[in-house]
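Undergrad: Got a predicted structure plus its sequence, pasted below:
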Amino acid sequence: MLGNRLVVLGIAFWAGWAGGLAAAPSEDRFNVLFIVSDDLNNMVGCYGDQLARTPHLDRLAARGVRFERAYCTFPLCGPSRNSFLTGLYPNATGIMANAEIFRQAIPSQISLPQAFRQAGYFAARIGKLYHYNVPRSVGTNGHDDPASWELELNPAGVDRLEEEPEIFTLSPGKFGGTLSWHASPKADEFHTDGMMAADAEWVLQRCARDRSRPFFLAVGFFRPHTPYVAPQEPYFGWHPVEQMPVVTGVAEDQADLPAAALGSYKKEQDKLTDELRRQCRQAYNASISFMDAQVGRVIDTLDRLGLADKTVIVFTSDHGYHMGEHGLWQKQSLFEESARVPLLVVAPGTSRPASVAVAPVSQVDLFPTLAELCGVTAPENLQGQSLVPLLADPRQPGRNWALTQVVRRGKGGQFFGYSLRTPRWRYTEWDEGRAGRELYDHEADPGELTNLTDAPAHAKTQAKLVNMLREAVASTRPADGITPTVKPGGWSIVLQP
């Protein structure tokens, strides 16, 4: 198997030159290590979480810029990933659900890794970058985009192949979309994410041996996505179940909320007791710590091979995640817990170590940022801003807002919710206000517990935010005014030149 893998990598590594792609020598350009965690919120040590055990992410944050207010464009795996991998908002990709790929709606769009391929980079993917049906698609290409990569590696560990009968779940036989967890007796190297870290080490070793081409290596870890499966030791042991908190005051919190704000609630969660809530939080924290250890292994390899000084590192998640706040679990809300993501960027020669950028930014900004840092030509229709000025000076305001949207579906059809985050405020409209509004002052209420909509004291602020939201939403539409729609029956593939 190793021999076959070497042949595959060798063919992939040189394939870009076969088409006569002209590019500057590798030593003149930065590599990119793009790491994405699945369903990770900001329960990370460097973001101030007191229960977190994330030493490797904390050290990574100390090497570059930690974006304090970073947000996804859509709090669901498929729409979010298609968005930041194209540099377009969901309104422009046409992707509003899982199990879809942007090629179905905008087949000629150049993706982030594809742009790097066209610039002569070796582009490789390990694990989940576009959408996967977790855990069923683990070990496969999932809903991948072949034009984006020269090499795809899809390991599957005991969490997928052996231990599913042992997993506790709120809905028997269901794991990916429901709360489920398991403390595994097997060590890191037997799990999918551990195997992915080993594959990343293997790829980096070969990139270090032949530096004739720069690399864009994307590593998409599956944890802490449900089922929350991680080795019992040390990770579950680091998070004693009796120390896990339970959110209180939910009924009072929900009293001033429109129904659409709670539309992500699942009936199966009625089964939760306080003991199950603590077990769930323990397993989620343990999965984060396990994933953190795998990130550490990849970064350590980068350092050991002498690649770090010429590599831009990005770490983020596809969206945030609820652990009982507002009575919600998992994703697909427009509250801070679901919309906010961790974002760490290390850009040699540009970012300042241990810096914190406080301006609101969006994941749609990653494509133009990486393109500028690496001198790669990007599509003209990208909708994000470059974060390079904020990397150089974290005090810069940038665009100074971030927009997140979600879809609500019911018997009466579907409508959108849009939420605008500024440095101080979050303003949310459901169905352009017809299904409700929310306004939160983060200076006084960081937990978003008091909805200030229509409060006389904030009337001027709300009116200003209404206009800002409408302008922000308008900016997410395609430039040609044509709304993309997903074509059923598969998708088109744009082949690499």
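TA: Cool, the structure landed. Numbers count the residues shown, from 1 in each chain.
Undergrad: bridging residues for the closest residue to Ala260 other than its chain neighbours?
TA: Among residues not flanking Ala260 along the chain, Trp430 sits closest, at 4.0 Å (CB to CB, 6 or more residues apart in numbering). C-beta: built from backbone N, CA, C; applies to glycine. Beta-bridge pairing for Trp430 (DSSP bridges): Gly417.
Undergrad: which helix is the longest one in the protein?
TA: Longest helix of the chain, by residue count under DSSP state H: helix 274-304.
Undergrad: Give the buried residues for it.
TA: 276-299, 301-302 (16 or more other CB atoms under 10 Å).
Undergrad: cool, stretch 380-388 as well?
TA: If you call a residue buried by 16+ other CB under 10 Å, then stretch 380-388 has these buried ones: Leu382, Gln383, Gly384, Gln385, Ser386, Leu387, Val388.
Undergrad: before we move on, back to that, quick one: list the elements packing against the longest helix of the chain.
TA: Counting contacts by 3 or more CB pairs under 8 Å, 6 or more residues apart in numbering; DSSP states H and E, helix 274-304 packs against strand 31-37, helix 55-63, strand 180-184, helix 192-209, strand 228-231, strand 311-317, strand 322-323.
Undergrad: Return the distance of that helix from the chain's centre.
TA: Chain-centre distance of helix 274-304: 15 Å, with CA atoms, centre = their mean, to the nearest Å.
Undergrad: average pLDDT for that helix?
TA: Average pLDDT, helix 274-304: 98.
Undergrad: got the angle for it vs helix 55-63?
TA: With axes from the mean of the first three to the mean of the last three CA atoms, to 10 degrees as the basis, helix 274-304 and helix 55-63 are set at 50 degrees to each other.
Undergrad: relative to strand 311-317, how tilted is helix 274-304?
TA: Between helix 274-304 and strand 311-317, the angle comes out at 170 degrees (the same axes, to 10 degrees).
Undergrad: Specify the angle between helix 274-304 and strand 180-184 in degrees.
TA: Going by the same axes, to 10 degrees, helix 274-304 makes 60 degrees with strand 180-184.
Undergrad: Just want the angle from helix 274-304 to helix 192-209.
TA: Helix 274-304 runs at 10 degrees relative to helix 192-209, counting by the same axes, to 10 degrees.
Undergrad: you'd agree Cys77 is up against Val36?
TA: No. Using CB atoms under 8 Å, Cys77 makes no contact with Val36, being 10.2 Å away.
Undergrad: who has more neighbours, those two?
TA: Neighbour totals were compared for Cys77 and Val36, and Cys77 leads with 26 against 23 (other CB atoms under 10 Å).
Undergrad: before we move on, back to that, determine which two of the buried residues of stretch 380-388 are furthest apart.
TA: Put simply, by CB to CB the two of the buried residues of stretch 380-388 set farthest apart are Gln383 and Val388, 16.7 Å from each other.
Undergrad: what domains does the record give for this protein?
TA: Per automatic domain parsing, the structural domains of the chain span 7-14+28-399, 404-475.
Undergrad: pLDDT on the last one, on average?
TA: It refers to domain 404-475. Mean pLDDT, domain 404-475: 96.
Undergrad: hang on, the earlier thing: between Cys77 and Val36, what contacts are shared?
TA: Jointly contacting Cys77 and Val36 under the rule CB atoms under 8 Å, 6 or more residues apart in numbering are Asp318.
Undergrad: still on that earlier bit, kindly compare burial across the helices and strands packed on helix 274-304 and name the winner.
TA: For the helices and strands packed on helix 274-304, the largest average neighbour count (mean count of other CB atoms under 10 Å) is found in strand 228-231, namely a mean of 29.
Undergrad: Listing partners with orientation, what would you give for it?
TA: Partners of strand 228-231 in its sheet, by DSSP bridges: strand 180-184 (parallel).
Undergrad: now the strands for the stretch 51-200 of the chain?
TA: 65-67, 70-71, 122-127, 151-153, 168-169, 180-184 (DSSP state E, counting those that start in this stretch).
Undergrad: List the strands paired with the first one, with their directions.
TA: Right, strand 65-67. Strand 65-67 has the following strand partners under DSSP bridges: strand 343-346 (antiparallel), strand 355-357 (parallel).
Undergrad: what's in contact with that strand?
TA: Outside strand 65-67, the residues within contact range by CB under 8 Å, 6+ apart are 46-47, 343-347, 351-352, 355-357, 361, 387, 390-391, 394.
Undergrad: that older thread, between the longest helix of the chain and strand 122-127, how many degrees?
TA: Calculated by the same axes, to 10 degrees, helix 274-304 forms an angle of 150 degrees with strand 122-127.
Undergrad: Mind giving me the PyMOL select for the contacts of strand 65-67, buried ones only?
TA: To isolate the buried ones among the contacts of strand 65-67 in PyMOL, judged by 16+ other CB under 10 Å, type:
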select buried, resi 46+47+343+344+345+346+347+351+355+357+361+387+390+391+394
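Undergrad: List the contacts of the residue nearest the centre of the chain.
TA: Note on the chain: the residue nearest the mean C-alpha position is Asp318, at 1.7 Å, using CA atoms, centre = their mean. Contacts here follow CB under 8 Å, 6+ apart; on that basis Asp318 touches Val36, Ser37, Asp38, Asp39, Cys72, Cys77, Ser80, Arg81, Phe84, Val341.
Undergrad: repeat for Pro155
TA: Residues in contact with Pro155 (CB under 8 Å, 6+ apart) are Ile126, Gly127, Gly139, Thr192, Met195, Met196, Ala198, Asp199.
Undergrad: OK, contacts around the nearest residue to it once chain neighbours are set aside?
TA: Closest residue to Pro155 apart from its sequence neighbours, by CB to CB, 6+ apart: Met195 at 3.7 Å. Neighbour list for Met195: Pro155, Ala156, Gly157, Glu189 [criterion: CB under 8 Å, 6+ apart].
Undergrad: closest to Ala218 out of the strands of the stretch 51-200 of the chain?
TA: Here strand 122-127 is closest among the strands of the stretch 51-200 of the chain (CB to CB), at 4.9 Å.
Undergrad: tilt between the closest one and strand 31-37?
TA: With the same axes, to 10 degrees as the basis, strand 122-127 and strand 31-37 are set at 20 degrees to each other.
Undergrad: What residues of strand 122-127 count as buried?
TA: Buried residues in strand 122-127, defined by neighbour count with 16+ other CB under 10 Å: Phe122, Ala123, Ala124, Arg125, Ile126, Gly127.
Undergrad: Packing partners of it?
TA: helix 2-18, helix 112-118, strand 151-153, helix 192-209, strand 215-220.
Undergrad: just to revisit the earlier point, just the pLDDT for the residue nearest to Pro155.
TA: pLDDT recorded at Met195 is 98.
Undergrad: Quick check: it vs Asp144, distance?
TA: 18 Å (CB to CB, to the nearest Å).
Undergrad: Repeat that for Leu272.
TA: 34 Å.
Undergrad: can you check Phe215 too?
TA: Note on Phe215: its distance to Asp144, by CB to CB, is 18 Å.
Undergrad: Same check on Leu57?
TA: Between Leu57 and Asp144 the computed distance is 26 Å (CB to CB).
Undergrad: Tyr284 contacts Pro224, correct?
TA: Yes. Between Tyr284 and Pro224 there is a contact under CB under 8 Å: 5.5 Å.
Undergrad: quick one: common contacting residues for those two?
TA: Taking CB under 8 Å, 6+ apart as the criterion, Tyr284 and Pro224 both touch Tyr321.
Undergrad: Could you list the buried residues of stretch 444-459?
TA: Those would be Glu448, Asn451, Leu452, Thr453, His458, for stretch 444-459 by 16+ other CB under 10 Å.
Undergrad: Appreciated, that's everything.
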